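> model the structure of this input:
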Amino acid sequence: MIGILGFAALFFGRRFLPQPLVIALVLFWWALLVAVHAPIFPQPNTAANLFGGNFIAWLMLGALTAIVLAYRFGLQALRRRITDKLPQPDTTPAAFKPVELERYARHIMLREIGGAGQRRLKDASVLVIGAGGLGSPALMYLAASGVGRIGVVDPDVVENSNLQRQVIHTDDRIGMPKVHSAVAAMQALNPFLDLRAYARRLDAETGALIAEYDLILDGTDNFDTRYLVNRLCVAAGKPLIAAAITQWEGQISLYDPAHDGPCFECVFPNRPAPGMVPTCAEAGVAAPLPGVIGTMMAMEAVKHLTGAGQTLRGRLMIYDGLYADARVMTTKQREGCAVCGGGTAL
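This is a model prediction of the structure:
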């Protein structure tokens, strides 16, 4: 009886003891029992009676246990061999290279970003619509900040008149598609990024691109595209940072109705009458102005992606470069908005 209880104790003890130790204890216990019941002991044997059973029984039990253990260990080894040969999914995020850690050190030192925030930037994707005055600085600072995947949409080519303010392009790239010029500049600045160029006009058919990115930046200069981008972003549930400039003034906001913010059409439900808001080509623009507002777009993108600070969701910033004045106004969802529903289900 004591022998049986000993084996039972070892069986349940395997849950708490290392497997090699359990095996060693089992072998020791079995050897002891066999030795006690060996024929060399005279009968009746006090020790044998105490442990119960006889020599042949314990010998057979040991043999049976050895067969069971050999089968079990063989099955485990076979499973490991099969598992090792199967392709293993790579669920570990790509680690930063030492050169990347050095590159982003000033970001990582910021309490509001740190290593976790820089990881989120690396894992994020941003689509910038327009590689002109606003898109130029926004793209450069997104690339410099380490946003992992950046897409840029623009149907135009680089022209001489662009170079007064569109600082991502250069004189030797005149005639090149703007998206390719922008990608070349970003690649030269930061080779550790996934850059996508879309030399096309964003419309209802190509708008499916928006669903492939985490955040959208709109730096276009016409109202048709602005309203279309807003509708596509709302439909896809994507946050939108939109900005506009003219002469000396610019404005910027983060539109995110999926998180209780207004959409672009909540704030601007009616398009201005033709001629009321001239384009830069019609009214002119101070060269540094798109740099100021475009850099603000990149700043808002970094804050949104890392969770740092307070973004411009639910707020509209208006900047006057001529008089060095900036104002921030609160914006809200508009009840009955035709695009986002003003907070109600679409």
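
> burial of the residue nearest to residue 211 when sequence neighbours are not counted, as a residue count?
The spatial neighbour of residue 211 that comes closest, neighbours along the chain excluded (Cβ to Cβ, 6 or more residues apart in numbering), is residue 236 at 4.6 Å. Yep, even glycine has a C-beta here, placed from its N, CA and C like the rest. When neighbours are defined as other Cβ atoms under 10 Å, residue 236 has 17 of them.

> likewise for residue 109?
Neighbour tally, residue 109, other Cβ under 10 Å: 10.

> list phi and psi for the nearest residue to residue 287 once chain neighbours are set aside.
Spatial nearest neighbour of residue 287, chain neighbours left out: residue 165 (4.7 Å); criterion: Cβ to Cβ, 6+ apart. When read as degrees, to the nearest 10, the backbone of residue 165 gives phi -140, psi -20.

> test my guess that residue 244 contacts residue 267.
No: using Cβ atoms under 8 Å, residue 244 is not in contact with residue 267, being 11.7 Å away.

> just the element for residue 224, please.
Counting by DSSP states H and E, the element that carries residue 224 is helix 223-236.

> please name the nearest non-neighbouring residue to the most centrally placed residue in the chain.
Note on the chain: the residue nearest the mean C-alpha position is residue 123, at 3.5 Å, using Cα atoms, centre = their mean. Residue nearest to residue 123 in three dimensions, not counting chain neighbours: residue 148, with 5.8 Å by Cβ to Cβ, 6+ apart.

> the one you found reaches residue 118, doesn't it?
No: if you go by Cβ under 8 Å, residue 148 and residue 118 don't touch, sitting 10.4 Å apart.

> distance across stretch 156-173, terminal residue to terminal residue?
13 Å (Cα to Cα, to the nearest Å).

> of all the residues in it, which ones are buried?
157, 158, 162, 165, 166, 167, 168, 169, 173 (16 or more other Cβ atoms under 10 Å).

> list the contacts of residue 325.
residue 319 (Cβ atoms under 8 Å, 6 or more residues apart in numbering).

> for it, give me phi and psi.
phi -130, psi 140.

> quick one: residue 289 from residue 222, how far?
As judged by Cβ to Cβ, to the nearest Å, residue 289 and residue 222 stand 18 Å apart.

> which one's more surrounded, these two?
Using other Cβ under 10 Å, the more surrounded residue of residue 289 and residue 222 is residue 289, with 23 against 10.

> CA-only coordinates of whichever strand or helix holds the more buried one in CSV, if you can.
Here residue 289, judged by DSSP H and E, is contained in helix 288-306. The C-alpha trace of helix 288-306 is given here as CSV (Å, rounded to 0.1, in the frame of the first residue of the first chain):
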residue,chain,number,x,y,z
PRO,A,288,6.9,80.8,-45.8
LEU,A,289,3.2,80.6,-45.1
PRO,A,290,2.6,77.0,-46.4
GLY,A,291,5.8,76.0,-44.5
VAL,A,292,4.2,77.2,-41.3
ILE,A,293,0.8,75.6,-41.8
GLY,A,294,2.2,72.4,-43.4
THR,A,295,4.6,72.0,-40.5
MET,A,296,1.6,72.4,-38.2
MET,A,297,-0.1,69.5,-40.1
ALA,A,298,2.9,67.3,-39.4
MET,A,299,2.9,68.3,-35.8
GLU,A,300,-0.8,67.5,-35.4
ALA,A,301,-0.1,64.1,-37.1
VAL,A,302,2.7,63.3,-34.7
LYS,A,303,0.5,64.2,-31.7
HIS,A,304,-2.4,62.2,-33.0
LEU,A,305,-0.4,59.1,-33.7
THR,A,306,1.5,59.1,-30.4
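
> just to revisit the earlier point, I'd assumed residue 210 was in contact with the residue nearest to residue 211.
Yes: with contact defined as Cβ under 8 Å, residue 236 and residue 210 form a contacting pair (5.0 Å).
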